[in-house]
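Enquirer: just the structure for this:
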Amino acid sequence: MDTDAKKQVLRSIVYGLYALGVRDGEGAHMMTVNWVTQTSFEPPMLAVAVENESRSLPLLREAGAFALSVLPAGARQLAGRLGRSSATTPDKLTGVAHHAGPATGAPVLDEGTGWLECRVTAEVPSGDHVLVVAEVVEAGVQRSGDTLTLKETGFRYAG
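Expert: I've put the predicted structure just below:
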């Protein structure tokens with residue numbers, strides 16, 4: 001395979017950036033995700049890819065639920081902060097305005113344009129990630145605006 005061509009084409013796929021929030025006992029944890037897609041209209045479902053080595057994956061498995069906040073255009077700094085490794089930044093939510101979602105209690109970003117609360121229904125191994133399939137059980141719109149994209153940030157997470 002031509003690895004340069006593979007990287008170029010994979011990096012041309014357009015991705016939005018989102019914050020996946022999960023309860024951590026009495027606390028909360030968030031991470032930036034970008035591999036998200038809707039998988040069903042009825043019931044409303046989506047899939048999100050989570051790295052096998054992430055701190056969020058065991059928390060997500062334990063909670064069985066998460067919130068997905070849509071990051072607004074211009075929120076590069078917040079996406080970068082939430083995208084840092086938990087090993088170096090264990091409490092990423094310090095100073096980040098958020099609230100508990102009404103259905104699951106998972107953290108929702110106040111800065112997001114909207115959010116979905118989801119209950120996990122399945123997991124599918126996918127190389128160095130796990131596809132987490134979930135049913136949307138609650139939703140909210142906080143403001144209008146464009147979604148932050150991977151291209152806008154200059155981040156690279158493909159290839």
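Enquirer: where do the strands sit along this protein?
Expert: 18-24, 27-33, 36-40, 45-51, 65-70, 98-100, 107-109, 114-126, 129-141 (DSSP state E).
Enquirer: got TSV for those strands, with mean pLDDT too?
Expert: Shown next, in TSV, are the strands of the chain (pLDDT from 0 to 100):
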stretch	mean pLDDT
strand 18-24	95
strand 27-33	94
strand 36-40	97
strand 45-51	97
strand 65-70	98
strand 98-100	97
strand 107-109	98
strand 114-126	98
strand 129-141	98
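Enquirer: need the ones you listed in CSV (columns: mean neighbour count).
Expert: C-beta here means a position set from N, CA and C on the backbone, and glycine is covered the same way. Shown next, in CSV, are those (neighbours: other Cβ atoms under 10 Å):
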stretch, mean neighbour count
strand 18-24, 26
strand 27-33, 23
strand 36-40, 13
strand 45-51, 18
strand 65-70, 26
strand 98-100, 16
strand 107-109, 26
strand 114-126, 17
strand 129-141, 17
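Enquirer: now distance to Met1 too, for these, in TSV please.
Expert: Below are these laid out as TSV (distance: least, Cβ to Cβ, whole Å):
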stretch	distance to Met1
strand 18-24	29
strand 27-33	26
strand 36-40	24
strand 45-51	21
strand 65-70	32
strand 98-100	41
strand 107-109	38
strand 114-126	18
strand 129-141	19
